[in-house]
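# Model the structure of this input:
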Amino acid sequence: MATESLNVVDGGAADLENALLAIGREARKAARVLALAAPEQKNRALRAAAGILRARQSELLEANARDMAAARGKSLAPALLDRLMLDDKRVASIARSLEEIADLPDPVGRLLETFERPNGLRIERVSTPLGVVGVIFESRPNVTADAGGLCLKAGNAAILRAGSESFYSSRAIHACLVGGLREAGLPETCVQLIPTRDRAAVGAMLAGLDGAIDVIVPRGGKSLVARVQAEARVPVFAHLEGIVHVYVDAEADLEKAKKILLNAKMRRTGICGAAETLLVDRAGAERLLAPLVRLMLDAHCEVRGDAAAQKADPRVVAAVEDDWRAEYLDAIIAAKLVDGVQGAIDHIEAYGSHHTDCIVTENTEKAEKFLREVDSAIVIHNASTQFADGGEFGFGAEIGIATGRMHARGPVGVAQLTSFKYVVHGDGQTRP
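Next comes the predicted model:
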């Protein structure tokens, strides 16, 4: 059953629960077909979807304009509007991302390990799809293509639940994915989009749709992730807040630090890899603090700082305790002095979200200590935190940045969307 046939758009279904369970059943059937599909067939679907996206660009932008008008009517924050907005460049990027996913090596059927036992048994560990992946996301319509494309490449059926803000944009993108599946001769139900804004759909997915969903990936704000972690009855690839730190060490190159910090914060303030806290080594404060604070203020970024930061520039607003735990997703940054690399590590451990953290220093030993001891999914030396992205890692795209410690961590790309099984080869052995 294709999702377009379900009359549940805008909560109009007489029996939403049954409709959602039907989506789950169809996804399970599709997952079986997709798990056995040849790499060439999956790649054909991805490339065809990319072509359809380009051909329907005007339709996508019209759908997005409808979402944007509604979002402006709700007075959404500029960062959220930026996440939601599509233009010619972003549509082209979405299509290109699907093609990049198609160009990746197929992650299914890889021989991960092989060994032989003394009794002659030869054992192989081989990668397999996860099965059915449920993705719950909020305002970014590009996630529809990224999540659907990555799951398809990894042999998984996908059930996508877009946020209400991106409802029409996501439906338009999903239609292109369905067109690609159709052209490749794969079930259209390999990638399904929940066709309703009803929040009950989230609860049904978290319950697993009667065993249909194997894993949930939440991609959104703190409240969404908290709900998923609290209610999910299936495994979750956790994506917590991006409370991202840039620590500038006393032995940092100032011009390099300025370049990195400005990009880490201001390139796009609304993404999870955007820097939210600036930590400066007390030993280098006289040389570093004022120029870095002034740089941010002159770039029209509000700075909320400790006493030292306030003293460095009168435009700095006094920080409160909550600022050290804030994911602003806006042109705001918290700033404070810490006592060297250990002080930075201690601060990040106390206030961070295990997402992405950066050290700027020319001292290799300090860098190695930071990279070894900071317990985040991504740790960076002398580069912008905005490289925390599956595309930048060469994964083609990502479903999200997993901050947990189980299975997937960091950018969740095609390799992270697989599991494995053991294949045992014998020649008549029996166990005594």
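# contacting residues around residue 210?
With Cβ atoms under 8 Å, 6 or more residues apart in numbering as the criterion, the residues that contact residue 210 are 21, 24-25. Where you see a C-beta, it was placed from the backbone N, CA and C, and this is true even at glycine.
# Keep only those of the residues you listed that are in helices.
21, 24-25 (DSSP state H).
# got a winner among the residues you listed for most neighbours?
With neighbours set by other Cβ atoms under 10 Å, the maximum within those is found at residue 24, which has 23 neighbours.
# Please tell me how far it sits from residue 17.
With distances taken as Cβ to Cβ, to the nearest Å, residue 24 is found 11 Å from residue 17.
# low-confidence ranges in the protein?
Across the chain, residues meeting the criterion (pLDDT under 70) sit at 1-14, 240.
# Break it into its domains for me.
Domain segmentation of the chain under automatic domain parsing yields 3-237+412-423, 244-387.
# what's the closest of those domains to residue 406?
The closest approach between residue 406 and any of these, judged by Cβ to Cβ, belongs to domain 3-237+412-423 at 7.6 Å.
# sorry, back to before: could you dump the domains of the chain into TSV with distance to residue 402 added?
As requested, the domains of the chain are arranged in TSV below (distance: least, Cβ to Cβ, whole Å):
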stretch	distance to residue 402
domain 3-237+412-423	5
domain 244-387	6
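# and of those, who's closest to residue 430?
In this view, those are compared for proximity to residue 430 by Cβ to Cβ, and domain 3-237+412-423 is the closest at 9.5 Å.
# The stretch 201-350 of the chain: strands as residue ranges?
Secondary structure of the stretch 201-350 of the chain, counting by DSSP state E, counting those that start in this stretch: strands at 215-219, 244-248, 275-281, 302-305, 317-318, 332-338.
# out of these, nearest to residue 372?
Closest to residue 372 of the strands of the stretch 201-350 of the chain, according to Cβ to Cβ: strand 244-248, at 14.1 Å.
# who's in contact with that closest one?
Residues from elsewhere that reach strand 244-248 (Cβ under 8 Å, 6+ apart): 257, 260-261, 264-265, 272-281, 284, 288, 292, 338, 341, 344, 347-348, 352, 355-361, 370, 385, 388.
# Go again with 7 Å.
The set of residues external to strand 244-248 that reach it, using Cβ atoms under 7 Å, 6 or more residues apart in numbering, is 257, 260-261, 264, 273-281, 288, 292, 344, 348, 352, 355-360, 370, 385.
# Just the buried residues of it, please?
Neighbour-count burial for strand 244-248 flags 244-248 (criterion: 16 or more other Cβ atoms under 10 Å).
# can you tell me which of these lies nearest to residue 423?
Comparing every one of the buried residues of strand 244-248 with residue 423 (Cβ to Cβ), the shortest separation belongs to residue 244, at 41.2 Å.
# Regarding stretch 423-432, how distant is the last residue from the first?
End-to-end distance of stretch 423-432 (Cα to Cα, to the nearest Å): 21 Å.
# from the chain's centre, how far out does that stretch sit?
For stretch 423-432, the separation from the chain centroid amounts to 43 Å (computed by Cα atoms, centre = their mean, to the nearest Å).
# With stretch 163-183 instead?
Going by Cα atoms, centre = their mean, where stretch 163-183 is centred and where its chain is centred differ by 18 Å.
# cool, and stretch 85-92?
Chain-centre distance of stretch 85-92: 19 Å, with Cα atoms, centre = their mean.
# Can you show me the CA trace of it as PDB?
Only the C-alpha atoms of stretch 85-92 are listed here, as PDB (Å, rounded to 0.1, in the frame of the first residue of the first chain):
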ATOM      1  CA  MET A  85      13.800  27.100   3.600                       C
ATOM      2  CA  LEU A  86      14.500  25.600   0.200                       C
ATOM      3  CA  ASP A  87      15.900  27.500  -2.800                       C
ATOM      4  CA  ASP A  88      17.400  26.500  -6.100                       C
ATOM      5  CA  LYS A  89      20.800  25.800  -4.500                       C
ATOM      6  CA  ARG A  90      19.400  23.700  -1.700                       C
ATOM      7  CA  VAL A  91      17.200  21.600  -4.100                       C
ATOM      8  CA  ALA A  92      20.300  21.000  -6.200                       C
END
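# Give me the contacts around it.
Contacts to stretch 85-92, defined as Cβ under 7 Å, 6+ apart, come from residues 53, 57, 60-61, 64, 68, 141-142, 169.
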